[in-house]
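S.K.: Below: sequence and its predicted model.
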Amino acid sequence: MTLFDAVSLFAAVALAAWLAGFALRRVLVTTGVMDHPRAYSSHERPVPRGGGLLVVIAFFGWYFFGDHGAHPGLDFLAIGVAAVAIVSFLDDIRSRSRRLRFVVYTVAAAAFVWQLFRIDVVTAWGPAWLVAFLLWLWVAGYANAFNFIDGIDGLAATQAIGALGFGAAFCAMAPDAPGTGDLVALQLVLAAAMTGFLAHNLPRARLFLGDVGSIATGFLMAAIAVMAAIEIDPATGLCLAALHLGPVLDTGLTLARRLWQRKNPADRHREFFFHRAIRSGLSHLQVTAAELAIQGAGASLILLVRMRTDGMEALATAIAAIAVGWLVYFGWCERRFHRLANGERKDHA
């Protein structure tokens with residue numbers, strides 16, 4: 001794929017998604033698929049949810065009409081995305097059992113991972129039970145982690161666009177492999193669809209991704225990293241996974257804190273670090289821009305390392321440095337939040 005082809009593909013899909021967003025919003029409002037403010041919400045007025053259908057449609061457009069060959073797990077990925085998207089959109093329309101959703105996500109991720117073990121590359125990664133568990137945890141866990149960070153305007157969309165855009169670049173610069181071009185095209189298509197959606201989500205949301213968008217997109221991005229590790233090399237797959245360190249660390253640390261405090265991690269809440277930043281006085285746009293900047297800086301560091309060396313040690317060091325950067329940012333968010341909370345307590349004293 002030439003640079004002109006990539007830019008043309010991105011522009012065409014982004015424009016189509018943006019235009020389709022107007023019609024989709026009208027349909028969602030008419031049919032009453034609305035996200036009404038609740039105690040844990042970061043918005044104050046009803047907003048239609050389900051905008052993530054634009055991303056799901058873009059994926060299946062690539063799947064059915066793209067000129068691509070066989071990919072490991074592609075058919076199972078499509079089936080999994082369809083199952084996850086259907087149950088998630090039904091939940092957007094009317095809240096369903098969390099247990100049902102968990103079963104669907106778990107089975108979809110397990111089916112995708114299970115059939116990968118027909119590939120020699122995967123079986124060579126280590127003990128089958130351990131590799132299978134880690135891959136399942138990555139795909140199912142990240143689908144939920146990405147859903148968790150979809151809590152303020154623009155955050156999930158910009159994180160997805162950044163990850164998919166840099167992911168396409170990492171795949172394009174990797175050694176030639178039969179499926180490389182398809183992985184580049186797929187990430188460009190998803191990033192473009194999310195860009196079209198973002199125009200309806202910032203600076204003030206007129207359309208939400210909904211579970212159909214956040215969970216299906218998280219599922220897709222996690223699976224793409226696995227496919228890149230198989231089709232190109234493990235280092236490329238690790239690069240793609242590292243682009244998602246922000247959501248992974250935010251989710252992992254927040255859930256660990258809630259368990260430590262003996263709170264139910266499954267309950268809805270506003271204790272993620274991006275919530276802390278908002279509650280400390282920052283705007284949705286400021287937090288979204290800050291997290292996009294950290295993701296972009298980390299991705300640029302990985303890109304620089306990959307251009308200079310193919311060694312895994314240098315890559316692991318870069319990823320560790322990025323993780324430290326995220327932790328410093330989260331610590332800053334926590335400090336701002338507690339300063340404000342302590343100030344309010346003094347005012348009431």
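M.R.: Ah, there it is.
S.K.: can you give me the strands in the stretch 1-150 of the chain?
M.R.: Using DSSP state E, counting those that start in this stretch, the strands of the stretch 1-150 of the chain run over 34-35, 47-48.
S.K.: Just name the shakiest helix or strand of this structure by mean pLDDT.
M.R.: Lowest on mean pLDDT, DSSP states H and E among the helices and strands of the chain sits helix 120-123, with a mean of 84.
S.K.: Now tell me what touches that one from outside.
M.R.: 72, 116-117, 131, 230 (CB atoms under 8 Å, 6 or more residues apart in numbering). All C-beta spots, glycine's among them, are computed from the backbone N, C-alpha and C.
S.K.: swap the cut-off to 10 Å and go again
M.R.: Helix 120-123 is contacted by residues 72-73, 113, 115-117, 128, 131-132, 135, 226, 229-231, 233-234 when judged by CB atoms under 10 Å, 6 or more residues apart in numbering.
S.K.: picking up where we left off before, compare the mean pLDDT across the strands of the stretch 1-150 of the chain and name the weakest.
M.R.: Among the strands of the stretch 1-150 of the chain, strand 34-35 carries the lowest mean pLDDT, at a mean of 86.
S.K.: now it: how far from the chain's centre is it?
M.R.: 21 Å (CA atoms, centre = their mean, to the nearest Å).
S.K.: which helices and strands does it pack with?
M.R.: strand 47-48, helix 74-93 (3 or more CB pairs under 10 Å, 6 or more residues apart in numbering; DSSP states H and E).
S.K.: Hmm, Ala290 is touching Gly325, no?
M.R.: No. Assessed by CB atoms under 10 Å, Ala290 is found out of contact with Gly325, at 11.5 Å.
S.K.: Quick one: neighbours of the closest residue to Ala78 other than its chain neighbours, just the number.
M.R.: Leaving aside its sequence neighbours, Ala78 sits nearest to Tyr63 (CB to CB, 6 or more residues apart in numbering; 5.2 Å). The burial count assigned to Tyr63 is 17, neighbours taken as other CB atoms under 10 Å.
S.K.: residue contacts, Tyr63?
M.R.: 74-75, 77-78, 81-82, 186, 189.
S.K.: ok, back up a step: dump the strands of the stretch 1-150 of the chain to TSV, plus mean neighbour count and distance to Leu243.
M.R.: Output for the strands of the stretch 1-150 of the chain, formatted as TSV (neighbours: other CB atoms under 10 Å; distance: least, CB to CB, whole Å):
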stretch	mean neighbour count	distance to Leu243
strand 34-35	18	27
strand 47-48	24	28
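S.K.: looking at those strands, which is closest to Val248?
M.R.: strand 34-35 (24.7 Å; CB to CB).
S.K.: Neighbouring strands of the closest one in the sheet, and parallel or not?
M.R.: strand 47-48 (antiparallel) (DSSP bridges).
S.K.: who's in contact with the strand it pairs with?
M.R.: 24-37, 41, 92, 153, 200-201, 204-208, 210.
S.K.: 7 Å - rerun?
M.R.: 25, 28-29, 33-35, 205-208 (CB atoms under 7 Å, 6 or more residues apart in numbering).
S.K.: which one of those sits closest to Gly141?
M.R.: Out of the contacts of strand 47-48, the member with the shortest distance to Gly141 (by CB to CB) is Phe208, at 22.4 Å.
S.K.: Quick check: closest non-adjacent residue to the closest one.
M.R.: Counting by CB to CB, 6+ apart, the residue nearest Phe208 is Arg49, at 4.0 Å.
S.K.: neighbours of the one you found, just the number please.
M.R.: Applying other CB under 10 Å, we find 25 residues neighbouring Arg49.
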